[in-house]
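Colleague: I would like the atomic coordinates for the input below:
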Amino acid sequence: MSHPRTTHHTEHTIMVTAPARRVFDLIVDVGRWPETFSPTVHVEYVDRSRTEERIRIWATANGEVKTWTSRRELDHDHLRVSFRQEVSQPPVAAMGGEWIVEAVDDTRTRVRLLHDFRAVGDDPDNVQWTEQAIDRNSGAELDALRTAAERTGDAEDLTLTFEDTVQVPGGLKDAYAFVNEAGLWPERLPHVACTVLEEDAPGVQTLEMETRSPDGATHTTRSVRVCFPDERIVYKQLRTPALMTAHIGRWLFEEDADGARITSVHTVVLDKEAIPAVLGPDATVADARAFVQNALSRNSTMTMEHAAAHARG
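Modeller: From the prediction side, this is the model:
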């Protein structure tokens, strides 16, 4: 197969009503990307310093889940972040680019997102696929960056992180297997009506799930799950219930003095505009926080208790 020689370039730009430093800090903080950027499922640091880092990213591109490792150089003085994929995933042969943050004045910022890429075999279909993925993801990321940077006042109240833990008297591997085998949940969990589980690449799952509420109502969610055997499963909902704009979570499996334990961690960003329609005209952000935490804790604790019983049995 011939090596691709043509390098293609794209640029996407957006204006943000927020100080440039705040915008730059959001771009630097990749740990918060899954809750900020809709295409990003999960990010891990491979190694990092103040000005250089290697990160592994799982993200959706044209409806497919891709993973790659990128090197990033952080220029804190000039508000620039350059990035380069170490090994790209087909149909991309090579990919890099730069975030450029430019202060227009104290309250307005221009963000430019540049990409350069080569497509596998210089194939026109591969070029088109890559351009579509860049166009779709860049638009989504810039819109989300603007929303996050311009969110002031109750921004912190709209984001909540909480966790629940259940002891596992049985084996950790059996408890992990229970959570990993979500395709069997309708037979094993009373609050799950049906699931469709797909695993096209080892350890990367897509899970569509219909969940029953205590009042009998059902709602459907769609998630991408990244599985690290016998250690953790991280996930992001691509389709969220009405009260949330983002929901990411982790199942953690750990040995301890009493045997083992499972911890479920949720991070949720609430949709403030949806609160009156879902919870009533007088409902507050505090009401929505309590409602969401109660619902998610109830379901994840039930799942962990069943996983513990499965491991014990």
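Colleague: what helix or strand is the residue lying closest to Ala18 once chain neighbours are set aside on?
Modeller: Using Cβ to Cβ, 6 or more residues apart in numbering and skipping residues adjacent in sequence, the residue nearest Ala18 is Ala149, 3.9 Å away. In this view, the C-beta of every residue, glycine as well, is placed from N, C-alpha and C. Using DSSP states H and E, Ala149 falls within helix 124-150.
Colleague: One more: Ala193?
Modeller: Assigned by DSSP H and E, Ala193 falls within strand 192-201.
Colleague: Mind jotting down where the helices sit in the stretch 101-250 of the chain?
Modeller: Taking DSSP state H, counting those that start in this stretch as the criterion, the stretch 101-250 of the chain contains helices spanning 124-150, 155-158, 172-180, 185-188.
Colleague: Ranked by average pLDDT, which of those falls at the bottom?
Modeller: With a mean of 82, helix 155-158 has the lowest mean pLDDT of the helices of the stretch 101-250 of the chain.
Colleague: Buried residues, that one. List them.
Modeller: Neighbour-count burial for helix 155-158 flags Leu158 (criterion: 16 or more other Cβ atoms under 10 Å).
Colleague: Packing partners of it?
Modeller: The contact analysis (3 or more Cβ pairs under 8 Å, 6 or more residues apart in numbering; DSSP states H and E) places helix 155-158 against helix 285-312.
Colleague: What angle do strand 192-201 and the helix it packs on make with each other?
Modeller: Helix 285-312 and strand 192-201 are oriented at 70 degrees to each other (axes from the mean of the first three to the mean of the last three Cα atoms, to 10 degrees).
Colleague: rewinding a little: distance to Glu73 for the helices of the stretch 101-250 of the chain - can I get that in JSON lines?
Modeller: Formatted as JSON lines, those follow (distance: least, Cβ to Cβ, whole Å):
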{"stretch": "helix 124-150", "distance to Glu73": "19"}
{"stretch": "helix 155-158", "distance to Glu73": "29"}
{"stretch": "helix 172-180", "distance to Glu73": "37"}
{"stretch": "helix 185-188", "distance to Glu73": "43"}
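Colleague: if you compare those helices, which one is most tucked away?
Modeller: helix 172-180 (a mean of 21; mean count of other Cβ atoms under 10 Å).
Colleague: returning to that earlier point: CA atoms only: put the strand holding Ala193 into CSV for me.
Modeller: Provided in CSV are the C-alpha atoms of strand 192-201 (Å, rounded to 0.1, in the frame of the first residue of the first chain):
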residue,chain,number,x,y,z
VAL,A,192,-33.5,-2.9,33.5
ALA,A,193,-36.1,-3.7,30.9
CYS,A,194,-33.9,-4.4,28.0
THR,A,195,-30.3,-3.8,26.6
VAL,A,196,-28.5,-4.0,23.4
LEU,A,197,-24.7,-4.5,24.0
GLU,A,198,-22.2,-4.3,21.1
GLU,A,199,-18.4,-4.7,21.5
ASP,A,200,-16.8,-4.1,18.1
ALA,A,201,-13.3,-3.7,19.5
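Colleague: So which other helices or strands are in contact with that strand?
Modeller: helix 185-188, strand 204-212.
Colleague: Just the buried residues of it, please?
Modeller: Neighbour count says strand 192-201 has Val192, Thr195, Leu197 buried, by 16+ other Cβ under 10 Å.
Colleague: residues making contact with it?
Modeller: 65, 182-183, 185-186, 205-212, 218 (Cβ atoms under 8 Å, 6 or more residues apart in numbering).
Colleague: hmm, try it at 10 Å
Modeller: Residues outside strand 192-201 that contact it (Cβ atoms under 10 Å, 6 or more residues apart in numbering) are 64-67, 89, 180-187, 189, 204-212, 218-220, 222, 225, 227, 299, 302-303.
Colleague: Buried ones among these?
Modeller: Counted by 16+ other Cβ under 10 Å, these give 65-66, 89, 180, 182, 185, 189, 204-209, 211, 225, 227, 299, 303 as buried.
Colleague: Which helix or strand in the protein has the lowest average pLDDT?
Modeller: In the chain, no helix or strand scores lower on mean pLDDT, DSSP states H and E than helix 155-158, which sits at a mean of 82.
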